[in-house]
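**Student:** build me a model:
(one chain, ligands or ions: 1)
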Amino acid sequence: MAPLPDSVRVAVRGWLNCNQVVLRSAAGHVLVDSGYAACADETLARLREPGMLGADSLARLVNTHCHSDHIGGNAAVARAYGCPITIPRDEVPTIDDWSIQERWNAYVDQYAEPFAYQATIAAGESFRAADRVWEAHAAPGHDMEGLMFFAPEGGILISGDALWADGLGFVWAHDPPNPFVEAALQALDTIERLRPRVVIPGHGEPFEDVGGALAKARSRLAAFANDPRRTARHMMKVMFVFSMLHRGGIAIAEANRYVESVPCYRDLDERFLGEGIDGLGLRLVADLERAGAMRVADGFARPTMAR
Ligand SMILES: [Zn+2]
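**Tutor:** This next block holds a predicted model:
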């Protein structure tokens, strides 16, 4: 793992759960992002590990963005630690009206537990944790309202899903010019300007090869920019494998029926592909198996990646 000060601790999770970052100081420990709701017990257990919080309390939870794999454990963390929660200011409408979360989660077959927040943070603002200042910077693209947090002291960036070692969080399909791709490129430009020494991504190990990661992310976005069909197919695969991670997999015989029952697949197909969704479940399983993301055995398809 890339070298980090002892006050910055990371529980590297998988693809259903984002990483948990604990920023430790005598003034109170701060947690960034809480994982997926179904794994909240595991998240709390990881936080109690001696390398994270141990038996210490938590002073605050801050979210990079309000997707189900980053806020799903918010309610459980608040129950366990009684700590206030800070969310990005521009996410407020999607949390105050929880029916927006419910509609989205029904659209893609995900789940998040409702929670109450006590504070907000916006780009240009900052907070103190781990004995240093963390600046909030806009991280649009994957989530147009998302933030990333940068500590100039030590050059540490908590990037959420704006930049991973090997890419970035999915961007929405859109006819060109794709505003989500444009926004994601802006976030990458911000990262380049900040020149972090080390990046703690929302998923995957912390890494130091920021130039390499930026190049990979830009080339992915270039491939999506003018190709809404490719972007839509990619989104379908990402949504499908994510749901399979929280469902534990699916019987091959059920795959087509499942895809027909989750609205995002029909919607993406109608808007961008026009191929019809007959047999789409099996096609997604086959594509994901070929990519090594799922394994089929005894009539059952399971994701291969860590939860
Ligand atoms: Zn994520």
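
**Student:** SS state for the nearest residue to residue 141 once chain neighbours are set aside?
**Tutor:** Leaving out its chain neighbours, the residue that sits closest to residue 141 by Cβ to Cβ, 6 or more residues apart in numbering is residue 184, at 2.6 Å. Backbone N, C-alpha and C define where each C-beta goes, glycine included. Residue 184 falls in the helix class when you classify it by DSSP: H, G, I helix; E, B strand; the rest coil.

**Student:** what separation do you get for residue 184 and residue 174?
**Tutor:** Distance of residue 184 to residue 174, given as Cβ to Cβ, to the nearest Å: 12 Å.

**Student:** with neighbour numbers in mind, choose between the two.
**Tutor:** More crowded of residue 184 and residue 174, by other Cβ atoms under 10 Å: residue 184, with 31 against 18.

**Student:** that one contacts residue 140, correct?
**Tutor:** Yes - under the criterion of Cβ atoms under 8 Å, residue 184 lies in contact with residue 140, with a separation of 7.1 Å.

**Student:** how many neighbouring residues does the closest residue to the ion within the stretch 201-307 of the chain have?
**Tutor:** Residue nearest to the ion within the stretch 201-307 of the chain (Cβ to the ion): residue 202, separated by 4.4 Å. Neighbours of residue 202 under the rule other Cβ under 10 Å: 30.

**Student:** wait, does stretch 69-83 contact the ion?
**Tutor:** Yes - applying Cβ under 5 Å from the ion, one finds stretch 69-83 touching the ion at residue 69.

**Student:** would you state the helices of this structure in chain order?
**Tutor:** Under the criterion DSSP state H, the chain contains helices at 40-48, 68-71, 74-81, 92-96, 98-108, 179-194, 210-225, 228-247, 255-261, 263-268, 280-290.

**Student:** against which helices or strands is the fourth one packed?
**Tutor:** The reference is to helix 92-96. Under the contact criterion of 3 or more Cβ pairs under 8 Å, 6 or more residues apart in numbering; DSSP states H and E, helix 92-96 touches helix 98-108.

**Student:** which strands or helices does the helix it packs on pack on?
**Tutor:** helix 92-96, helix 228-247, helix 263-268.

**Student:** in that helix, what counts as buried?
**Tutor:** Using 16 or more other Cβ atoms under 10 Å as the test for burial, helix 98-108 gives 101, 104, 108.

**Student:** repeat that for stretch 32-52.
**Tutor:** Buried residues in stretch 32-52 (16+ other Cβ under 10 Å): 32-40, 42-44, 46-47, 52.

**Student:** next one: stretch 290-307
**Tutor:** For stretch 290-307, burial by neighbour count (16+ other Cβ under 10 Å) applies to 293-294, 301, 303, 307.

**Student:** mark which of these are part of strands, please.
**Tutor:** Counted as lying in strands by DSSP state E, out of the buried residues of stretch 290-307, are 294, 301, 303.

**Student:** was I right about the second one contacting residue 295?
**Tutor:** In this case it means residue 301. Yes - contact criterion Cβ under 8 Å: residue 301 and residue 295 qualify, at 7.3 Å.

**Student:** pick the most deeply packed of the helices of the chain.
**Tutor:** Among the helices of the chain, helix 68-71 has the highest mean neighbour count (mean count of other Cβ atoms under 10 Å), at a mean of 27.

**Student:** for it, give me every contacting residue.
**Tutor:** Applying Cβ atoms under 8 Å, 6 or more residues apart in numbering, the contact partners of helix 68-71 are 15-18, 33-37, 63-64, 87, 105, 110-112, 115, 160-161, 202, 242.

**Student:** start to end distance for stretch 44-56?
**Tutor:** End-to-end distance of stretch 44-56 (Cα to Cα, to the nearest Å): 12 Å.
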